[in-house]
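Trainee: Provide a 3D model corresponding to the input given below.
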Amino acid sequence: MAARPRARNIGSASDYLERICEHIRLDLRRYRIAAREYERAAEFLSADAALESLDLRIIPQGSIKTRTATRPFSAEGDTVPFDLDVACSVGVDPMRRSSKSVYDLVKRRLQESPEYKRRLSVEPKCLRLEFDEHDFHVDLVPACPDPSDPERTRLLIADRSLWDAEPAPIKTWRATDPVRFANWFDERARVRVPAETMFSREAQVEALPEHDEVVLSAPLRSVTVLLKRRRDIEFLGEKSRPSSLLLATLAARHYHGEPELAVSLTDILDGILGDIDRQGGRLLAVKSQFDPPEDLTAALSDDARERLVKMFRTMRATVGSLSQTGVAPRSVPEALTALAGRATAESVSKSVQQAMQRANVAGMLGVASADQMLKEVPRDVRVRGVEPVRPHAFHRDN
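Mentor: Got it, this is the predicted structure:
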């Protein structure tokens, strides 16, 4: 049986939100730049005899792994770059060897390259390569497999804040589980992502996930992208700000498979706010998904917690107003600005108006009899419940 023709909403809440995500999601050009620099750094590290002898594994993690990376965001003289988190795992015994020794080993290798030495900055939990000309950086996290994990999937990572007291070697490491988190996030998003691995010499280098538009636009990923952009606006230039891991965890826990983006965002925000209201209106500890559990809110100040709760409430009210049937066109840019910033709002409003005009000129514009929503319909096809609009000089005040 042939599939029944479908019509795409133009100017619906989900249409606006999807266009915002298209505008702020990491674009293919920047992804290719990041992939190129990732491969170059991986090849350089893999060529080091000392690291190679320790069974070096290079593993992408964080937003690039979950496919929720966003484009750089700039406002008021501050820029939020996009980052590529990479674990540099070596096969050492953490009971005998401190994280400082592994950190220093990776640092020494990077300093052997004039280019990487120039780009290198030392951070508390990583070695950062700054690519300011592209508004992004690569965070290399020295790590080793956690011997207490039978599957050898969980990692122990270096943390410079644990070195001062000169404790036993094992006390200088902090547990994390980026691979299991990414797999859990993929499962929550109902997207099956095949594992991809490439090899460079004797070191194992995991390839970056493909930049697949269908996978990227899954509702859970899109909601996470929206939360991250609103976070970037709210906490621009501040050190105490909610982590992407916290936002991704909250979104994934409250996503239940809704296919429509506006419904997904509404339900996720309702779930988050429901938990907060049950805790007396405060954001309490949010534990990480895997053992050993970590409080993902531990680094937040009281002020940051209050502002994050307010951010969630504002986003919920905004998407609610955007989803109302018959919303006044003049109020749309204001709602979009509240969600993603003025520049993005202007671009998205313009793209919706252009889509309406193109559909109208092509004779592909219709209106749903149920809710009067404008639709883009296949050419010369009648869609049940949608009345065609005769082409005319179409104008809509956006």
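
Trainee: helices and strands around the longest strand along the chain, which ones?
Mentor: Assignment by DSSP state E gives strand 136-145 as the longest strand of the chain. Packing partners of strand 136-145 (3 or more CB pairs under 8 Å, 6 or more residues apart in numbering; DSSP states H and E): helix 28-46, strand 82-89, helix 99-111, strand 127-131, strand 155-158. C-betas here are computed from N, CA, C, even on glycine.

Trainee: So for the chain, the centremost residue is which one?
Mentor: Geometric centre of the chain, nearest residue: T68, 2.5 Å, by CA atoms, centre = their mean.

Trainee: Now for the closest residue to that residue other than its chain neighbours, how many residues are close by?
Mentor: Counting by CB to CB, 6 or more residues apart in numbering, T224 is the residue found nearest to T68 once chain neighbours are left out, at 4.4 Å. Counted with other CB atoms under 10 Å, the neighbours of T224 add up to 28.

Trainee: I figured T224 hits L245, correct?
Mentor: No: using CB atoms under 8 Å, T224 is not in contact with L245; the gap is 10.3 Å.

Trainee: picking up where we left off before, which one of the helices and strands packed on strand 136-145 lies nearest to L269?
Mentor: strand 82-89 (24.1 Å; CB to CB).

Trainee: elements contacting the closest one?
Mentor: Against strand 82-89 (3+ CB pairs under 8 Å, 6+ apart) you get helix 28-46, strand 57-61, helix 63-66, strand 136-145, strand 155-158.

Trainee: follow-up on the earlier one: what kind of secondary structure is the residue nearest to the centre of the chain in?
Mentor: coil (DSSP: H, G, I helix; E, B strand; the rest coil).

Trainee: need the helix or strand of this structure with the lowest average pLDDT.
Mentor: strand 197-200 (a mean of 38; mean pLDDT, DSSP states H and E).

Trainee: since we're on the closest residue to L296 other than its chain neighbours, how many residues are nearby?
Mentor: Once flanking residues are discounted, L296 sits nearest to L246: 4.1 Å by CB to CB, 6+ apart. Around L246 there are 21 other residues, counting by other CB under 10 Å.

Trainee: In contact with L246, which residues?
Mentor: 286, 296-297 (CB atoms under 8 Å, 6 or more residues apart in numbering).

Trainee: Closest to P169 out of those residues?
Mentor: Nearest to P169 out of the contacts of L246 is L296 (CB to CB; 26.2 Å).

Trainee: Settle this for me: the closest one is touching K287, isn't it.
Mentor: Yes: contact criterion CB under 8 Å: L296 and K287 qualify, at 7.2 Å.

Trainee: Compare neighbour counts for those two and give me the winner.
Mentor: Comparing L296 with K287 by other CB under 10 Å, the one with more neighbours is L296, at 20 against 13.

Trainee: in the lengthiest helix in the chain, what counts as buried?
Mentor: In the chain, assigned by DSSP state H, the helix with the most residues is helix 302-323. Residues 304-305, 307-309, 311-312, 315-316, 318-319, 321-323 are the ones in helix 302-323 that count as buried (16 or more other CB atoms under 10 Å).
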